[in-house]
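J.: turn this into a model:
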Amino acid sequence: MTLRILPALAFVFMLAGCGSAAIQLVNGPQTPAAQGQVKTDVGDNGNLKLEIEVKHLAPPANVSAGAKVYAVWIQTKDGAAQNVGALRVDDDLTGHLETTTPQHNFALFITTEEDPAALAPKGARVLSATVAK
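T.: Below you'll find the predicted structure:
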């Protein structure tokens, strides 16, 4: 009887490892009402898919003077921050971004920026999390 249960349990654990996991984003002092999460999933090619959702996030200009967009950054322990996309907030103060990265262990953070293609973070850090997949 026990031998029949082991393969079933192994299958359940395998399925659990394949699904996406939600990681809560921590808000910064300039955006106390902001909430967000990032869901991760490993794609067929080994890259990590990121689905970032935020709510209660004020327009960027309300957080930092001159800011036009929120930029999403990833930073490994040994590397500079890399801009992986612009997160636009709608009239309902919600935003969504889907992107991919070959990295699997990194800090993820969102900043206010004047330029969606910024090469280095300069604005206020509004949400952040550590991703390890």
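J.: stretch 64-73: end-to-end distance?
T.: 17 Å (CA to CA, to the nearest Å).
J.: okay, now the residue nearest to residue 105 when sequence neighbours are not counted: neighbour count?
T.: Distances taken as CB to CB, 6 or more residues apart in numbering place residue 132 nearest to residue 105, at 4.8 Å, with adjacent residues excluded. To be clear about C-beta, it is placed using only N, CA and C from the backbone, and glycine gets the same treatment. Neighbourhood size, residue 132 [other CB atoms under 10 Å]: 9.
J.: from residue 49, how far off is residue 132?
T.: According to CB to CB, to the nearest Å, residue 132 and residue 49 sit 15 Å apart.
J.: wait, residue 55 sits on residue 96?
T.: No - between residue 55 and residue 96 there is no contact under CB atoms under 8 Å: 9.8 Å.
J.: for the protein, which segments count as helices?
T.: 2-18, 60-63 (DSSP state H).
J.: by contact count, what packs against the shortest one?
T.: Applying 3 or more CB pairs under 8 Å, 6 or more residues apart in numbering; DSSP states H and E, we find helix 60-63 packed against strand 105-113.
J.: what lies in contact with the strand it packs on?
T.: The contact list for strand 105-113 (CB atoms under 8 Å, 6 or more residues apart in numbering) reads 25, 36, 38, 50, 52, 54, 60, 63-64, 67-77, 81, 87, 121-133.
J.: partners of that strand in the sheet?
T.: Paired neighbours of strand 105-113 in the sheet (DSSP bridges): strand 69-75 (antiparallel), strand 125-132 (antiparallel).
J.: mind listing what's buried in the first one?
T.: By neighbour count on 16 or more other CB atoms under 10 Å, the buried set for strand 69-75 is 69, 70, 71, 72, 73, 74.
J.: over to the longest one?
T.: When burial is assessed from 16+ other CB under 10 Å, strand 125-132 yields the following buried residues: 125, 126, 127, 128, 129, 131.
J.: in this structure, which residue is most central in space?
T.: The centroid of the chain falls nearest to residue 38 when counting by CA atoms, centre = their mean (4.2 Å).
J.: okay then, goodbye and thanks.
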